[in-house]
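**Student:** Build me a structure from this.
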Amino acid sequence: MALRLGLRLLTSSGFSRLNSANLQVPCTACRREIASTGPSLHPKASSDLNSFVSRSHTCGELSSTDIGQEVTLCGWLQFQRQDLFVVLRDFHGLTQVLLPQDELNAELKTLLSEAPLESVVLVKGTVIARPPGQENPRMSTGKIEVQVKQAQVLNICKKLPFEIKDFIKKSEALRMQYRYLDLRSSQLQYNLRLRSSMVMKMRAYLCNQHGFVDVETPTLFKRTPGGAKEFVVPTQEHGKFYSLPQSPQQFKQLLMVGGLDRYFQIARCYRDEGSRPDRQPEFTQVDIEMSFVDQTGIRALVEGLLRYSWPNNKGSLPDAFPVMSYAEAMSSYGCDKPDTRFEMKIMDVTTLFSTVQMGFVQETLGKPHGCVKAIRIPEGEKYLKKKDLDSMMETSKEQYKQHITPVIVKSDSSWRSPLQKYMGEDLQKALCEASGAKAGDILLLAAGEHDTACTALGKLRLDAASKLEECGVPLRSPHDYHFLWVVDFPLFLPKEDNAQEMESAHHPFTAPHPEDMGLLSTEPEKVRGQHYDLVLNGNEVGGGSIRIHNANLQRWVLEQVLKEDSSLLSHLLEALESGAPPHGGIALGLDRLIAIITGSSSIRDVIAFPKSFRGRDFMSSAPDFVADEVLQLYHIQMVQIDCEVIQNV
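**Tutor:** Numbers count the residues shown, from 1 in each chain. This is a model prediction of the structure:
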């Protein structure tokens with residue numbers, strides 16, 4: 001309904017407009033951040049957001065320079081106040097709309113003041129200055145308001161399951177069930193727009209500056225050996241199935257054989273695994289492959305790509321990211337994706353314990369890889385309670401079967417520890433000097449096999465950091481971004497269920513390190529792979545390798561080391577025999593990267609329509625049952641066995 005009304009300027013200042021402290025202003029903070037991330041996210045700088053549509057302006061762009069203009073706004077009713085004004089919201093901000101107070105325009109006033117919140121409205125009017133003292137600095141449009149002349153409710157909103165305000169707490173299940181409503185929040189709007197901006201810049205960097213070709217690869221493929229579980233897709237051909245690929249790995253290698261030379265894709269990938277905060281069944285990779293390249297070239301390309309696409313307001317990235325070997329990462333941090341934003345590194349204090357007469361210590365040191373490792377928790381005595389230490393030691397025992405011994409250095413530099421009676425003052429002093437422990441610090445010591453001791457202390461290092469941060473100690477700023485390359489991974493690892501058999505540490509197409517080729521047939525467990533991971537703030541955000549481009553070597557690895565049926569990869573082996581160039585690549589986890597940049601606790605907060613923790617879509621109830629007549633087309637019959645419904649073909 002559109003109504004005409006006479007123009008009347010309100011001069012009364014007897015009411016409070018949008019300055020009210022109890023009214024949250026969504027979009028404003030995020031809008032400022034979006035505006036500072038670069039031209040691609042700043043509407044006025046790069047695109048006309050009002051082209052082809054009914055509005056003349058967005059709800060976030062009017063300012064004092066627009067006073068006197070006739071404007072048309074479209075958006076959602078965010079707020080209504082005492083029949084005096086309403087606030088209109090769209091993806092870019094808020095605008096206050098002043099309602100007429102004369103009887104001639106009572107119908108228009110009623111229309112806007114009584115329409116349910118979140119109804120979709122079109123408003124036409126004149127931009128005017130807010131009365132002195134009623135400006136709102138929290139709003140980008142806080143110096144003006146629009147005096148309405150015409151309005152139309154384009155769609156009335158029913159009562160919603162939750163308010164569209166960021167400060168309203170909602171369970172994740174409810175947010176996902178009504179994802180189309182949750183998407184109206186300022187944070188999700190910001191996350192998805194920043195993601196779009198970064199992807200656009202990545203495409204420009206790869207295609208326009210470095211000659212990459214964007215190629216879409218098939219989603220329906222076949223089951224291949226190794227890696228995560230794949231989704232199986234039935235077909236109407238009896239007994240035959242597609243699989244959804246975990247990644248475009250084989251296709252991008254085949255593109256290199258085909259001479260495409262430089263490929264990339266924003267690729268959808270699938271894994272039949274439950275969701276975690278940093279993983280879900282379907283996810284997105286920035287997938288890259290190059291011919292005639294080595295590790296150094298791939299790393300330089302990715303560093304340049306990230307610097308080019310990095311949001312302007314997130315600081316600058318270094319010219320080169322630090323590089324750390326897998327062995328050093330495990331030895332110093334206890335994991336292959338170390339968080340280098342804080343210290344508390346693992347130290348080797350084995351030599352100091354060589355004369356300590358403790359049975360289990362001497363027994364440990366008598367084994368081939370026995371050692372004593374330690375981490376220092378600065379001011380740990382002040383922040384960690386006995387129950388915290390007990391919990392950490394129990395975690396180590398349960399998860400890693402590793403005993404942890406604490407040493408609390410008291411204010412007078414004396415010890416409180418089970419080790420105290422086994423170590424004289426000289427040894428105590430030497431351990432403090434070697435570890436840098438001072439009064440008030442806590443040392444956690446682990447005597448055991450090297451990898452187990454380091455892994456256990458690596459977990460406790462992160463747990464201790466979280467405890468200190470809960471007490472207000474600043475260790476890991478969300479505004480710091482520490483990238484790190486981890487290289488020289490083992491090419492093969494013992495299988496968890498059978499240590500006598502080997503599996504690929506990365507995937508079966510990774511090339512061995514040239515210096516270790518002689519060990520392939522004799523000691524494959526000692527061979528390093530040309531595999532590299534990109535780590536950001538303790539999270540793996542990318543992984544890649546130089547590939548095996550020799551068919552004979554690839555066949556030998558599959559059959560002799562991994563004991564896989566190479567016939568499943570006959571197409572790839574034939575391609576490698578057809579003049580395959582040396583090649584390598586990487587895949588960046590786009591969801592995880594954006595989640596870290598935006599400070600999101602889960603990748604589900606940077607995906608428009610994510611799956612739940614168990615891989616379900618709460619909004620549509622997918623996966624869902626299929627009618628029997630449909631199943632028959634795919635030669636599938638549902639059979640109940642032991643009260644569990646399974647699918648048998």
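**Student:** Just the strands from the stretch 301-450 of the chain, written as ranges.
**Tutor:** Using DSSP state E, counting those that start in this stretch, the strands of the stretch 301-450 of the chain run over 323-325, 347-348, 370-377, 404-409, 415-416, 442-449.
**Student:** closest to G359 out of those strands?
**Tutor:** Using Cβ to Cβ as the measure, strand 442-449 is the one of the strands of the stretch 301-450 of the chain that comes nearest G359, at 10.7 Å. Bear in mind the C-beta positions are built from the backbone N, C-alpha and C, glycine included.
**Student:** okay, the strands of the stretch 301-450 of the chain in CSV with mean neighbour count and distance to G259 next?
**Tutor:** Listed next are the strands of the stretch 301-450 of the chain as CSV, based on neighbours: other Cβ atoms under 10 Å; distance: least, Cβ to Cβ, whole Å:
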stretch, mean neighbour count, distance to G259
strand 323-325, 17, 31
strand 347-348, 18, 50
strand 370-377, 23, 50
strand 404-409, 21, 56
strand 415-416, 16, 68
strand 442-449, 24, 49
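**Student:** burial of K495, as a residue count?
**Tutor:** 12 (other Cβ atoms under 10 Å).
**Student:** And the pLDDT at it?
**Tutor:** At K495, the model reports a pLDDT of 89.
**Student:** repeat for the one 5 residues further on
**Tutor:** Residue-level confidence at Q500 comes out at 86, pLDDT.
**Student:** And I586, by the same measure?
**Tutor:** pLDDT for I586: 98.
**Student:** Export the strands of the stretch 301-450 of the chain as TSV, with columns for distance to Q428 and mean pLDDT.
**Tutor:** Formatted as TSV, the strands of the stretch 301-450 of the chain follow (distance: least, Cβ to Cβ, whole Å; pLDDT from 0 to 100):
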stretch	distance to Q428	mean pLDDT
strand 323-325	32	98
strand 347-348	16	96
strand 370-377	13	97
strand 404-409	8	95
strand 415-416	6	92
strand 442-449	10	96
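**Student:** Quick one: mean pLDDT for the longest helix belonging to the chain?
**Tutor:** In the chain, with assignment by DSSP state H, the single longest helix is helix 450-470. For helix 450-470, mean pLDDT is 97.
**Student:** ok, now stretch 595-602?
**Tutor:** Rounded mean pLDDT across stretch 595-602 is 94.
**Student:** mind listing what's buried in it?
**Tutor:** Using 16 or more other Cβ atoms under 10 Å as the burial criterion, the residues of stretch 595-602 that qualify are A595, I596, I597, T598, S600, S602.
**Student:** same question, stretch 488-498
**Tutor:** Buried, per 16+ other Cβ under 10 Å, within stretch 488-498: D488, F489, P490, L491, F492.
**Student:** between those, which is closest to K611?
**Tutor:** Relative to K611, and with distances defined as Cβ to Cβ, the nearest of these is F489, at 29.6 Å.
**Student:** ok, now how distant is that closest one from L462?
**Tutor:** For F489, the distance to L462 equals 21 Å [Cβ to Cβ, to the nearest Å].
**Student:** residues in contact with stretch 164-177?
**Tutor:** 24, 26, 76, 78, 118, 161-162, 181-182, 184-187, 602, 604, 610, 612, 617-619 (Cβ atoms under 8 Å, 6 or more residues apart in numbering).
**Student:** Out of the residues you listed, which sit inside helices?
**Tutor:** Among these, the residues falling in helices (DSSP H) are L181, D182, S186, Q187.
**Student:** Quick check: end-to-end length of stretch 304-315?
**Tutor:** Using Cα to Cα, to the nearest Å, the end-to-end distance of stretch 304-315 comes out at 15 Å.
**Student:** Residues touching stretch 576-586, excluding its own?
**Tutor:** Residues from elsewhere that reach stretch 576-586 (Cβ under 8 Å, 6+ apart): 252-253, 256-257, 263, 287-295, 298, 302, 511, 530, 532, 534, 542-551, 554.
**Student:** Same question for stretch 550-567.
**Tutor:** So stretch 550-567 is contacted by 225-226, 492, 501-504, 508-509, 520-521, 524, 548, 569, 572-574, 576-577, 580 (Cβ under 8 Å, 6+ apart).
**Student:** now do stretch 413-432
**Tutor:** Contacting residues not belonging to stretch 413-432 are listed as 349, 352, 355-358, 374, 405-410, 437-439, 443, 445 [Cβ under 8 Å, 6+ apart].
**Student:** just stretch 222-233 next, same as before
**Tutor:** 220, 241-246, 250, 270-273, 281, 503-504, 507-508, 558, 562, 564-565, 568-569.
**Student:** Span of it from start to end?
**Tutor:** Start and end residues of stretch 222-233 are separated by 9 Å (Cα to Cα).
**Student:** Quick check, pLDDT for the nearest residue to G599 once chain neighbours are set aside.
**Tutor:** Among residues not flanking G599 along the chain, P478 sits closest, at 4.9 Å (Cβ to Cβ, 6 or more residues apart in numbering). pLDDT, P478: 84.
**Student:** can you check the one 4 residues further on too?
**Tutor:** Reading off the confidence values, H482 has pLDDT 97.
**Student:** any idea how far it is from P474?
**Tutor:** Distance from H482 to P474, by Cβ to Cβ: 15 Å.
**Student:** ok, these two, which is more surrounded?
**Tutor:** Ranked by neighbour count (other Cβ under 10 Å), H482 and P474 place H482 first, with 18 against 8.
**Student:** Next, the contact list for the more buried one, please.
**Tutor:** D339, T340, R341, L536, N537.
**Student:** what's around the first one, how many residues?
**Tutor:** Around D339 there are 21 other residues, counting by other Cβ under 10 Å.
**Student:** before we move on, what about M517?
**Tutor:** As a burial measure, M517 scores 12 neighbours (other Cβ under 10 Å).
**Student:** Not counting its neighbours along the chain, what's nearest it?
**Tutor:** V527 (8.0 Å).
**Student:** quick revisit: emit the ChimeraX select command for whichever of the contacts of H482 are buried.
**Tutor:** The buried residues among the contacts of H482 can be selected in ChimeraX (16+ other Cβ under 10 Å) with this line:
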select :339,340,536,537
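**Student:** Filter the contacts of H482 down to the ones in helices?
**Tutor:** Judged by DSSP H, the subset of those located in helices is empty.
**Student:** For the contacts of H482, give me CSV that also has pLDDT and distance to Q82.
**Tutor:** Putting those into CSV (pLDDT from 0 to 100; distance: Cβ to Cβ, whole Å) gives the following:
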residue, pLDDT, distance to Q82
D339, 97, 51
T340, 97, 54
R341, 96, 49
L536, 98, 49
N537, 97, 47
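**Student:** List just the nearest of the contacts of H482 to E469.
**Tutor:** Of all the contacts of H482, R341 has the smallest distance to E469: 11.1 Å, by Cβ to Cβ.
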